[in-house]
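K.L.:
Predicted coordinates and the sequence they were generated for:
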Amino acid sequence: MTRHVRIFDTTLRDGEQSPGASMNVEEKVLVAKQLARLNVDVIEAGFAMSSPGDFEAVQRIGREVEGPTICSLARARPEDVDAAANALKGAPKPRIHTFLSASDIHLVHQFHMTRDQALTRAVEMVRHARGYVDDVEYSPMDATRSDVSYLCEVVEAVIDAGAGTVNIPDTVGYTTPQEFGEIIRTLRSRVRDCDRAIISVHCHNDLGLAVANSMAAIHAGAGQVECTINGIGERAGNASLEEIVMGLRTRKDFYQAETCVRTEEISKASRLVSKITGMVVQPNKAIVGANAFAHTSGIHQDGLLKEKRTYEIMRPESIGLTQSRLVMGKLSGRHAFREELTKLGYSLTDEEINAAFDRFKRLADQKKELFEEDLEAIVSEAATKVPERYSLKAMSTQSGMNQLPTATVELQVDGRIEKETGTGDGPVDAVYRTIAHVTQTRSTLLSYVVKAITGGTDAQGEVSVRLEQDGETVTGNGADTDIIVASAQAYLNALNKLALQLERRSDTGHKIGLC
Ligand code: KIV
Ligand code: ZN
């Protein structure tokens, strides 16, 4: 009989712990809405106690995103559980996920606790969380390096205390598929009343085994898997949602298990997360990489032309990859624009529609035909707008062989118009140096990526930059048919986010870590 495996998405919590992948609240809400369209079972929206931004993200996602259970992480401390419960007030299906280490390495060296103390605290915190919500998850951190008898004791005790889900994390990506499958089987056979709870798994990818370990655990009976879009997460990342979901779908014959994920939304989710975090998906990445469905060898192409199944184990359409669809043109009106967005699954407020429509009109003047991907870029830009301390009014550049690259930039800075000309090593460098001078900012450019949104020489160029200043990292995006203009917009978008983040930080202090 086919079992249902729950998909617990932690892109917004563990995924956000990827170096440089921080997202602001609006961006998190946008990603959460896409996760709801994907139909994941649980969204871990953040770690409420860690910062006011995380608290607000959990709160807003709990109130605004319909469908999945919304979860907040909480260390096994009363104040963390209280913060999670407060943030989740108003969420129709709230879950508190609390955790403490189970391995001696962590307990002795980091937490300075005995096994007994950790077990008592785990039970107390599960009970405390149950005082607020019915749905409580407990994670014995570093489970795969813990003594298995002690792990069984902890799992049994937290189930007794009321945890409905017990998650077994491979926190440092240390285990192997055979070993992890065995751990899950041991828990299921040795823990009294194990079936009263769902056994979940949470695998990190330090040895490149996160998906294989998760699949082995599912095969051994795990009922929930924690994963992230594009596999982003702490260090080498988490198990990738799209690989697990498509693995289960494609090999249902073997796993006898399925998820409720609407796989046709995978490709869109991958693009959105990549754009917002600035983390590029490697071309050969399984399922969502640019080459994942590209067959180049003559023998393969010959086979495919005769019968798709010769070399294709999944259809590109099953993850939402279709021929770019022409959706709108210059003469399309606001009503048609709104309808098209609804068809694409976006429900925007009137204010967001107005901002997106203005952008659409400007783009339609530059580009005759607009495709689905163009609308997606417009919508994500409009929905993640931050207050604009700096905005671009006009710009021009001069560059070429044997010429000194020069940029003239006119900006609005805190309401004043400022214009300046500067030079650089290339046109983008000239623009960036001039903008930094006008805005008197001193951020460091960590990465600069440009790609075409659709095909054709009139395609919009989408630029994504990552900036760092005083320990804050942000990603800025810009799209335009002129890539130098898109570069300026991406840089200014990042500077605006940085200004907001630094201002919030001076009001509220640093984000706290997990331990
Ligand atoms: O990797 C880990 O152990 C975690 C826990 C908080 C579940 O992320
Ligand atoms: Zn983790």
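P.N.:
Cool, the structure landed. Ligands and ions are numbered 1, 2, ... in the order given.
K.L.:
CA only for contacts and neighbour counts going forward, please
P.N.:
Fine.
K.L.:
show me what contacts Gly513?
P.N.:
Gly513 is in contact with Ser50, counting by Cα atoms under 8 Å, 6 or more residues apart in numbering.
K.L.:
Now it: which helix or strand?
P.N.:
Secondary structure from DSSP states H and E places Gly513 outside every helix and strand.
K.L.:
Count residues in the vicinity of Ala470, would you?
P.N.:
Rather than Ala, residue 470 is Asp. Residues lying near Asp470 (other Cα atoms under 10 Å) number 10.
K.L.:
Run through the bridge partners of the closest residue to ligand 1 within the stretch 1-150 of the chain.
P.N.:
Taking Cα to the nearest ligand atom, ligand 1 has its nearest neighbour within the stretch 1-150 of the chain at Met141, 4.5 Å off. Note on Met141: beta-bridge partners by DSSP bridges are Ser101.
K.L.:
what's the burial count for it?
P.N.:
Using other Cα under 10 Å, Met141 is surrounded by 22 other residues.
K.L.:
repeat for the one 3 residues further on
P.N.:
Thr144 has 24 neighbouring residues, counting by other Cα under 10 Å.
K.L.:
so what's it up against?
P.N.:
Taking Cα under 8 Å, 6+ apart, one finds Ile168, Pro169, Asp170, Thr171, Tyr174, Thr175, Phe180, Ile183 in contact with Thr144.
K.L.:
And the furthest pair within those residues?
P.N.:
Thr171 and Ile183 (14.5 Å; Cα to Cα).
K.L.:
Which residue, other than its chain neighbours, is closest to the residue in the stretch 151-300 of the chain that ligand 1 sits nearest to?
P.N.:
The stretch 151-300 of the chain approaches ligand 1 most closely through Thr171 (3.7 Å), counting by Cα to the nearest ligand atom. Sequence neighbours aside, Asp142 is the residue nearest to Thr171 in space, at 4.9 Å (criterion: Cα to Cα, 6 or more residues apart in numbering).
K.L.:
list the helices and strands the one helix or strand Thr475 maps to packs on?
P.N.:
Using DSSP H and E, the element containing Thr475 is strand 472-480. With contacts taken as 3 or more Cα pairs under 8 Å, 6 or more residues apart in numbering; DSSP states H and E, strand 472-480 sits against helix 266-277, helix 372-383, strand 461-469, helix 483-508.
K.L.:
Which of these sits closest to Lys33?
P.N.:
Closest of those to Lys33 is helix 266-277, at 9.8 Å (criterion: Cα to Cα).
K.L.:
neighbouring contacts of the helix or strand just after the closest one?
P.N.:
Remark: after helix 266-277, the chain's next helix or strand is helix 298-306, criterion DSSP H and E. Residues from elsewhere that reach helix 298-306, judged by Cα under 8 Å, 6+ apart: His295, Thr310, Tyr311, Glu312.
K.L.:
Make CSV from these and add neighbour count and distance to ligand 1 to it.
P.N.:
Listed next are the contacts of helix 298-306 as CSV, based on neighbours: other Cα atoms under 10 Å; distance: Cα to the nearest ligand atom, whole Å:
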residue, neighbour count, distance to ligand 1
His295, 13, 36
Thr310, 13, 39
Tyr311, 15, 36
Glu312, 14, 34
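K.L.:
Pull up the pairing partners for the strand holding Thr475, direction included.
P.N.:
strand 461-469 (antiparallel).
K.L.:
any residues touching the partner strand, and which ones?
P.N.:
With Cα under 8 Å, 6+ apart as the contact definition, strand 461-469 has outside contacts at 20, 275, 278, 442-453, 473-483, 486-487, 490-491, 494-495, 498.
K.L.:
Now the weakest link among the helices and strands packed on strand 472-480, please, by mean pLDDT.
P.N.:
By mean pLDDT, the lowest-scoring of the helices and strands packed on strand 472-480 turns out to be helix 372-383, with a mean of 79.
K.L.:
could you say what helices and strands that one packs with?
P.N.:
Contact partners of helix 372-383 among helices and strands, from 3+ Cα pairs under 8 Å, 6+ apart: helix 25-38, helix 350-366, strand 472-480.
K.L.:
I figured Gly422 hits Leu404, correct?
P.N.:
No: taking contacts as Cα atoms under 8 Å, Gly422 lies outside contact range of Leu404: 10.1 Å.
K.L.:
So for these two, which sits in the more crowded spot?
P.N.:
The residue with more neighbours, out of Gly422 and Leu404, is Gly422; 18 against 15, by other Cα under 10 Å.
K.L.:
The more buried one bridge partners, please.
P.N.:
Counting by DSSP bridges, Gly422 is bridged to Ala407.
K.L.:
Quick one: residues contacting the residue of the stretch 151-300 of the chain closest to ligand 1.
P.N.:
Residues near Thr171 by Cα under 8 Å, 6+ apart: Met141, Asp142, Ala143, Thr144, His202, Cys203, His204.
K.L.:
partners of Ser200 in the sheet?
P.N.:
Asn167, Gln224.
K.L.:
Thr475 and Gln501, how far apart?
P.N.:
Counting by Cα to Cα, to the nearest Å, the separation of Thr475 from Gln501 is 12 Å.
K.L.:
strand partners of the least confident helix or strand in the chain by mean pLDDT, parallel vs antiparallel please.
P.N.:
Ranked by mean pLDDT, DSSP states H and E, the helix or strand of the chain with the weakest confidence is strand 326-329, at a mean of 71. Under the criterion DSSP bridges, strand 326-329 sits next to strand 369-371 (antiparallel) in its sheet.
K.L.:
burial of Ala236, as a residue count?
P.N.:
Taking other Cα under 10 Å as the definition, Ala236 ends up with a neighbour count of 18.
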